[in-house]
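[1] Pasting a predicted model and its sequence here:
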Amino acid sequence: MNKFSLPRQSRTVDEITGSRRLRRMRRADWSRRLVQENHLTVDDLIWPLFLTDGENRREEIAAMPGVFRLSVDLAVKEAERAAKLGIPALATFPQVVFSLKDVAGSEILNPDNLINRATRAIKAAVPDIGIITDGALDPFTSHGHDGILRDGVIVNDETVEQVASAAVLQAAAGADIIAPSDMMDGRIGAIRDALDAAGYQDVAIMSYATKFASAFYGPYREAIGTQGLLRGDKKTYYIDHANSDEAIREAEQDLAEGADMLMVKPGLPYLDIIRRLKDEFQVPTFAYQVSGEYAMITAAAQNGWIDGDKAMMESLLAFKRAGCDGILTYFAPKVAELLKG
């Protein structure tokens, strides 16, 4: 012992921890369940469905194993399946044939376009399931952008006018929630005014308030047929993924314009944003577990690198822990089956 050291005093674990042993409630399955802080239920799930033209068509998306583009008749059958599983709502996204695309995304203003036909058919067969539709133009444009392209620029106000008109058509077809993902300034207020003026005061708006310029959207673009079409990128209207305060300002503006709920997209890389939104605004908050997130978990599971079911459930519970009220996920039917089982 050198002159600077003190005699070591032996202490028991209880003396060190003050008799608090955090492992006590982890000993058994029943006690772990008793003190679990967050829970995932089927009521938390929104199932995104991809649509395609034709009849009896079911096309697997190569980058999203287990996810399919469905013709309207098969989408109706999946809606019936979702209702039996207790899934509250579906979100629909169309693959529009190229002959119907143009620089302005004009097909979105067709009352009988693929989105609206699917909404009417699903509502006729399963009237109690929620239908969420997107007013963004990217499935309908020949350049793959979410808005109208003029001289190399996505024009804001003209796009907003078109998105608002499309929202009214989607509400008329039976959509319960309009979820515009285009990220144009002022779109939420314009949609709210247009819906109210047309008599659709009860149709809600889910704002993609914080949609980030992300690398995780690639498989989705394959699913809706815009892969390879995109000229440039979407950084002039999506949020920089380095920014957090900007996301809060976007959400605050959308709520002021009349949004009923907020969405964060993508999901897992932005759990901090979810938590900030929930703490700041205390409004219904959702996350979209996007195509790239789904593809990574699925590919790793198929290669035997992870337990796919456990990783899937853990990832979704992370959203609940961060503050989400619900999650848009391609895993929805599988999760619902596991929860029921």
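    Noted; the coordinates are in hand. Residues are numbered from 1 along each chain as shown.
[2] any idea how far residue 174 is from residue 78?
    Residue 174 sits 17 Å away from residue 78, going by C-beta to C-beta, to the nearest Å. All C-beta atoms are positioned from the backbone trio N, CA, C, and that covers glycine.
[3] swap in residue 290?
    20 Å.
[4] Between those two, which is the more surrounded one?
    Between residue 290 and residue 78, counting by other C-beta atoms under 10 Å, residue 290 is the more crowded of the two (25 against 19).
[5] dump the residue contacts of the more buried one.
    When contacts are counted by C-beta atoms under 8 Å, 6 or more residues apart in numbering, residue 290 touches 214, 216-217, 220, 265-267.
[6] so which two of these are the farthest from each other?
    The largest separation in the contacts of residue 290, counting by C-beta to C-beta, is between 220 and 267 at 12.9 Å.
[7] Using the three-state scheme, assign the residue nearest the centre of the chain.
    Per C-alpha atoms, centre = their mean, the C-alpha nearest to the average position across the chain is that of residue 288, at 2.3 Å. The three-state label given to residue 288 by DSSP: H, G, I helix; E, B strand; the rest coil is strand.
[8] That one contacts residue 262, doesn't it?
    No - using C-beta atoms under 8 Å, residue 288 makes no contact with residue 262, being 11.4 Å away.
[9] Looks to me like residue 207 is in a strand.
    Yes - the assignment for residue 207, made by three-state DSSP, places it in a strand.
[10] Name the residues linked to it by a beta bridge.
    residue 262 (DSSP bridges).
[11] Next, count neighbours for it.
    Residue 207: 28 surrounding residues under other C-beta under 10 Å.
[12] For it, give me its contacts.
    Residues near residue 207 by C-beta under 8 Å, 6+ apart: 179-180, 188, 251, 254-255, 259, 261-263.
[13] so where do the strands sit in the chain?
    Remark: strands assigned in the chain by DSSP state E are 45-51, 58-60, 68-70, 89-94, 130-133, 148-150, 153-155, 177-178, 204-211, 261-265, 285-289, 326-329.
[14] out of the ones you listed, which comes closest to residue 24?
    Residue 24 lies closest, by C-beta to C-beta, to one member of the strands of the chain: strand 326-329, at 31.9 Å.
[15] Sheet-wise, list the partners of the closest one with their directions.
    Strand pairing for strand 326-329, using DSSP bridges, gives strand 45-51 (parallel), strand 285-289 (parallel).
[16] Pull out the buried residues from the top helix by length along the chain.
    If you go by DSSP state H, the chain has its longest helix at helix 156-173. Buried residues in helix 156-173, counted by 16 or more other C-beta atoms under 10 Å: 156, 159-173.
[17] And the average pLDDT for it is what?
    Mean pLDDT, computed over helix 156-173, is 98.
[18] picking up where we left off before, quick one: the strands paired with strand 326-329 as TSV, columns for distance to residue 341 too.
    Formatted as TSV, the strands paired with strand 326-329 follow (distance: least, C-beta to C-beta, whole Å):
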stretch	distance to residue 341
strand 45-51	15
strand 285-289	21
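[19] right, and those strands - which one's nearest residue 315?
    For residue 315, the closest of the strands paired with strand 326-329 is strand 285-289, at 6.9 Å, according to C-beta to C-beta.
[20] From the chain's centroid, how far away is the closest one?
    Taking C-alpha atoms, centre = their mean, to the nearest Å, one finds the center of strand 285-289 at 5 Å from the center of the full chain.
[21] what's the answer for stretch 79-90, then?
    Averaging C-alpha positions (C-alpha atoms, centre = their mean) puts stretch 79-90 17 Å from its chain's average.
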